[in-house]
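Chemist: predicted model follows, preceded by the sequence.
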Amino acid sequence: VLKLDKFHMAGNSMGGSLAAIYGAKHPDKVLTLILSAPAGAPSQKKSEAIIQLEKGNNPLLVRSPEDYEKFMALIFVKRPAIPASFKKIIAADFIAHTDFNKKIWDDFQPFQFSLAPFLSQIQAPVLILWGDQDRMLDAGGVGFLEKNLKNYKTVIMKDMGHVPMMERPEETAKAYVSFMKEKR
């Protein structure tokens with residue numbers, strides 16, 4: 001256990017939602033927040049993943065190698081290079097954890113699309129980071145965040161999918177470093 005009194009916090013997707021809620025509930029601890037395509041920031045436009053969910057198909061639940069390929073295509077614009085042998089192992093791991101991931105999904109559902117009551121309570125400066133080609137959660141959620149946060153900077157990454165820290169880690173790190181320099 002680190003036992004930190006104050007810290008910087010970041011989260012992507014569901015983790016972004018959880019980071020925002022934590023930041024709202026513990027403003028004395030969180031120095032800055034990075035919210036990268038957080039769940040709970042609705043958009044006027046439905047993403048491909050939301051459309052699939054509404055049809056009863058959860059693209060987050062990987063049950064086969066084909067599902068894994070569809071999931072990767074959904075979260076990346078340009079996938080990082082992964083050797084075929086590793087890709088096979090990663091896909092098998094995703095498949096092995098389908099039941100666990102379904103439980104997480106089911107447990108998270110009551111909180112989905114409910115960041116509105118928390119955003120105004122966030123005191124820390126926030127970096128909103130979103131890929132303009134995010135097919136998991138539409139980048140239109142940026143407007144919702146900007147409307148409800150007090151102190152933020154927005155970076156929309158061009159030709160970027162849902163996980164910028166994996167798709168283009170250097171560019172993502174530069175956005176964060178720039179944000180931190182501005183907030184000193």
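Modeler: Looks like it arrived, so ask away.
Chemist: secondary structure element holding the residue of the chain most remote from its centre?
Modeler: Farthest-out residue of the chain from its mean C-alpha position, per Cα atoms, centre = their mean: residue 85, at 27.2 Å. Using DSSP states H and E, residue 85 sits in helix 84-96.
Chemist: now stretch 62-76: mean pLDDT?
Modeler: Mean pLDDT, computed over stretch 62-76, is 95.
Chemist: can you report how many residues lie near the closest residue to residue 48 other than its chain neighbours?
Modeler: Nearest non-adjacent residue to residue 48, counting by Cβ to Cβ, 6 or more residues apart in numbering: residue 135, 4.3 Å away. Glycine gets a C-beta too; all of them are placed from N, C-alpha and C. Using other Cβ atoms under 10 Å, residue 135 has 20 other residues around it.
Chemist: quick one, helices of the chain?
Modeler: Counting by DSSP state H, one finds helices in the chain at the ranges 14-25, 48-54, 65-75, 84-96, 98-108, 116-119, 141-148, 164-167, 169-183.
Chemist: and the least confident helix or strand in the chain by mean pLDDT with helix 65-75, angle?
Modeler: Of all helical and strand segments in the chain, the minimum by mean pLDDT, DSSP states H and E falls on helix 98-108, at a mean of 89. With axes from the mean of the first three to the mean of the last three Cα atoms, to 10 degrees defining the directions, helix 98-108 sits at 40 degrees from helix 65-75.
Chemist: name the helices or strands packed onto helix 98-108?
Modeler: In terms of contacts (3 or more Cβ pairs under 8 Å, 6 or more residues apart in numbering; DSSP states H and E), helix 98-108 is packed against no helix or strand at all.
Chemist: can you list contacts of it?
Modeler: By Cβ atoms under 8 Å, 6 or more residues apart in numbering, the surrounding residues in contact with helix 98-108 are 14, 39, 58, 60, 61, 62, 63, 94.
Chemist: ok, now stretch 5-21?
Modeler: 22-23, 28-40, 104, 108, 111-112, 115, 118-119, 122, 124, 136-137, 162-163, 165, 176, 180.
Chemist: buried members of those into PyMOL, please.
Modeler: Here is the PyMOL command that picks out the buried ones among the contacts of stretch 5-21, judged by 16 or more other Cβ atoms under 10 Å:
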select buried, resi 22+23+30+32+33+34+35+36+37+38+39+40+115+118+119+122+124+136+137+162+163+176
